[in-house]
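**Student:** quick one: sequence plus predicted model below, questions after.
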There are 2 protein chains.
Amino acid sequence: MVKTIELVDGVVKMLDQTKLPREVIYVDCIDYYMVAEGIKKLWIRGAPAIGIATAMGIAIGAQEIRAENFDDFIKGLEPVFNTLLSTRPTAVNIQWAVNRTKQLLSEKRDESIDKLKALLIDEANRVLAEDIEINKTIGAWGAGFIKDGDTVITHCNAGSLATGGYGTATGPIRAAVEQGKKIQVVADETRPVLQGCRLTAWELMEDNIPVTLITDNTAGALLQKGEINLAIVGTDRTAANGDVANKIGTYSLAVLCKENRVPFYVAAPLSSIDFAMSSGDLIPIEERGPEEVTSIFGCRIAPEGVKVRNIAFDVTPARYVTGIITEKGVFRPEDLHKLNIKDADLNAIMMRAEESHS
Amino acid sequence: MVKTIELVDGVVKMLDQTKLPREVIYVDCIDYYMVAEGIKKLWIRGAPAIGIATAMGIAIGAQEIRAENFDDFIKGLEPVFNTLLSTRPTAVNIQWAVNRTKQLLSEKRDESIDKLKALLIDEANRVLAEDIEINKTIGAWGAGFIKDGDTVITHCNAGSLATGGYGTATGPIRAAVEQGKKIQVVADETRPVLQGCRLTAWELMEDNIPVTLITDNTAGALLQKGEINLAIVGTDRTAANGDVANKIGTYSLAVLCKENRVPFYVAAPLSSIDFAMSSGDLIPIEERGPEEVTSIFGCRIAPEGVKVRNIAFDVTPARYVTGIITEKGVFRPEDLHKLNIKDADLNAIMMRAEESHS
């Protein structure tokens, strides 16, 4: 499996995903500012992956800080936090990584500055390693909802490239394949940035998982014909009420699934669930420039001067979501908030695979 | 307004729409075979426009036939009919143009061969002229359903480029603008061939009608936000029961409109209604090669060797259609079949604009 991101000798090496599948090029980000640029310019994307990039950006940013005491060290980190937080508004994982770092530092405030710098490097590597483990656990839970012979549709890329590895939405797919189930994947190409075409189809082909590429417009027709058994997508931020922000077009896919009685699952590590946000309406939605719509790989497709609306994400209301696959199990969206309650009996509310395929 | 197609001195001049909006190039089709190639390769597309191209292809094909009597002339026309009929299966207008020609010839079978050849040229020009008139009538009926200040979404291109001029789905839009209504158009880019981006946005900009280009994935989000007041699309073939075959993605848009209580209209000249087909399930749906999905303007976007499903059209069941705008008025899909009943009281069943916006 291709590596999305790693931290080597104080340098964040990230695969430039904007060039895939034409070129496999790693960019060396030598400072936190360059990591932030990479997030903004989509060299790296996918909520978990940009959470990891944030932790790594903080770690290398911290090494440059000259501080005599803890308070000065934290003060020195503020521009690092703020630069990374300002890159992309929708994915909660950036905030999550910043909060996790702050929490760690507040617990270790009595350590030396050099020790703190070393701890932040360790922490960034731990975020990466944990992410892969979480995705494998998501995979194990989710695979129970995929039957031998099923065709799974996915939107955008919530694969290994969107994470430390293994993928969130692709987790259950990979686990089902490992269990010997013969399954097919249908990948929405996912305009405008074509992550489904350029990334999901590519990484599944690399791993010999059968995949068919379609335009986003074709999903409805395949659902209508009964050729799709279930949908699994990722999420950039899921609200406590189970509303799911994800790549533009996810809402449409969810509506089409519901209309055709096809179960619609969201693979969501806890890092992407914003328990502080009561409803999806409150999730900030990024709008991006027109170029992603008017040009593809530098090739102009639209009339000069055309007005464009390029909304990067949409919110799928919880009522369209069959289940949310987390590292703690699969839950109905209305039960999601219980994961934030200490000592809640999750086993009692967990969805069983038998309930899913109606 | 740009000319889509015309018949000049025995040559069919068609705008090569695959090159728009980058280049405005007319191709001289000097024989019927080249007209058929133009239809297959999408130099010309849109159900009414390929109906016109068919009539013109027959007309120039007929000029080459050496026949002494009517039966030999008809025999000589058979390969012309068959070549044109074999180009694209979904739009009924090719069949319609062939049938119309056959009908004319059977009525004029006592005329000389030279006279018949001249009549076919006249007939092709008449099909073109009538088409523009029909679209203006569709525009006049449909404009009553567009209110001042409305935002109209459309999919693919059912504009002047898809017709002899004025357009079917753009007919009501143009008529509303002519009535002084301030309206906005949102154009789905319409992957894979990008007719919404390359053609609809372009022709509306040429005519100074405000248009915003979006990816197909964005339509759902705008509908969900309440930013769209109605949808109007064209059709390649509408069955007698009101099921509508149109460009892939139309079904998805219709489902999303229904989910968000936004009226969904289909602009359908009678030439695109197949009264002999009882249900949309029976409409032949064209599947095309993978290149349209894997490359754009010759620029490769997908991984080499990826499996692709490229379904060119889908069928929107009548239950998602608010009204069908024809040159005889606007009708509920369930009433459509009555247009084929002689002396039916259409006035009694016609939809009124007041009933539409709920």
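**Tutor:** Structure received. Numbering: from 1, shown residues only, chains lettered A, B, ... in the order given.

**Student:** switch to C-alpha atoms for all contacts and neighbour counts from now on
**Tutor:** Will do.

**Student:** next structured bit after the biggest helix by length in chain A?
**Tutor:** In chain A, with assignment by DSSP state H, the single longest helix is helix A:113-143. Per DSSP states H and E, the first helix or strand lying C-terminal to helix A:113-143 is strand A:151-154.

**Student:** now the helix or strand following that next one: average pLDDT?
**Tutor:** Past strand A:151-154, further along toward the C-terminus, the next helix or strand under DSSP H and E is helix A:170-178. Regarding helix A:170-178, the rounded mean pLDDT is 98.

**Student:** what's the answer for stretch A:113-121, then?
**Tutor:** On average, stretch A:113-121 scores 98.

**Student:** contacts for stretch A:75-94, please.
**Tutor:** Here stretch A:75-94 makes contact (Cα atoms under 8 Å, 6 or more residues apart in numbering or on different chains) with A:32-33, A:36-37, A:39-40, A:47-48, A:50-51, A:54, A:57-58, A:61-62, A:65-67, A:95, A:98, A:236-237, A:245, A:271-274, A:283-286, A:313.

**Student:** quick check: end-to-end length of stretch A:103-123?
**Tutor:** 11 Å (Cα to Cα, to the nearest Å).

**Student:** elements contacting the longest helix of chain A?
**Tutor:** Helices and strands touching helix A:113-143, by 3 or more Cα pairs under 8 Å, 6 or more residues apart in numbering or on different chains; DSSP states H and E, are strand A:5-8, helix A:47-63, helix A:93-107, helix A:170-178, strand A:323-326, strand A:329-331.

**Student:** give me the contact list for the shortest one.
**Tutor:** In this case it means strand A:329-331. Against strand A:329-331 from outside (Cα under 8 Å, 6+ apart): A:138, A:141-142, A:323-325, A:349-352.

**Student:** same thing but 10 Å
**Tutor:** By Cα atoms under 10 Å, 6 or more residues apart in numbering or on different chains, the surrounding residues in contact with strand A:329-331 are A:137-138, A:140-142, A:144-145, A:242, A:265-268, A:322-325, A:336-339, A:346-347, A:349-353.

**Student:** in JSON lines: the helices and strands packed on helix A:113-143, plus mean neighbour count and distance to A:Gly149.
**Tutor:** Output for the helices and strands packed on helix A:113-143, formatted as JSON lines (neighbours: other Cα atoms under 10 Å in any protein chain shown; distance: least, Cα to Cα, whole Å):
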{"stretch": "strand A:5-8", "mean neighbour count": "19", "distance to A:Gly149": "33"}
{"stretch": "helix A:47-63", "mean neighbour count": "29", "distance to A:Gly149": "29"}
{"stretch": "helix A:93-107", "mean neighbour count": "19", "distance to A:Gly149": "34"}
{"stretch": "helix A:170-178", "mean neighbour count": "24", "distance to A:Gly149": "10"}
{"stretch": "strand A:323-326", "mean neighbour count": "29", "distance to A:Gly149": "21"}
{"stretch": "strand A:329-331", "mean neighbour count": "25", "distance to A:Gly149": "21"}
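
**Student:** dump those to TSV, plus distance to B:Phe81.
**Tutor:** Converted to TSV, the helices and strands packed on helix A:113-143 look like this (distance: least, Cα to Cα, whole Å):
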stretch	distance to B:Phe81
strand A:5-8	60
helix A:47-63	56
helix A:93-107	61
helix A:170-178	50
strand A:323-326	54
strand A:329-331	59
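
**Student:** of all those, which lies closest to B:Thr163?
**Tutor:** helix A:170-178 (44.4 Å; Cα to Cα).

**Student:** does that closest one reach chain B?
**Tutor:** No - residues of helix A:170-178 contacting chain B under Cα under 10 Å from any Cα of the partner chain: none, with a closest distance of 17.6 Å.

**Student:** what's the next helix or strand after that helix packed up against?
**Tutor:** Next helix or strand after helix A:170-178 toward the C-terminus (DSSP H and E): strand A:184-188. Identification of packing neighbours for strand A:184-188 by 3 or more Cα pairs under 10 Å, 6 or more residues apart in numbering or on different chains; DSSP states H and E yields strand A:151-154, helix A:170-178, helix A:201-206, strand A:211-214, helix A:218-224, strand A:230-233, strand B:307-308.
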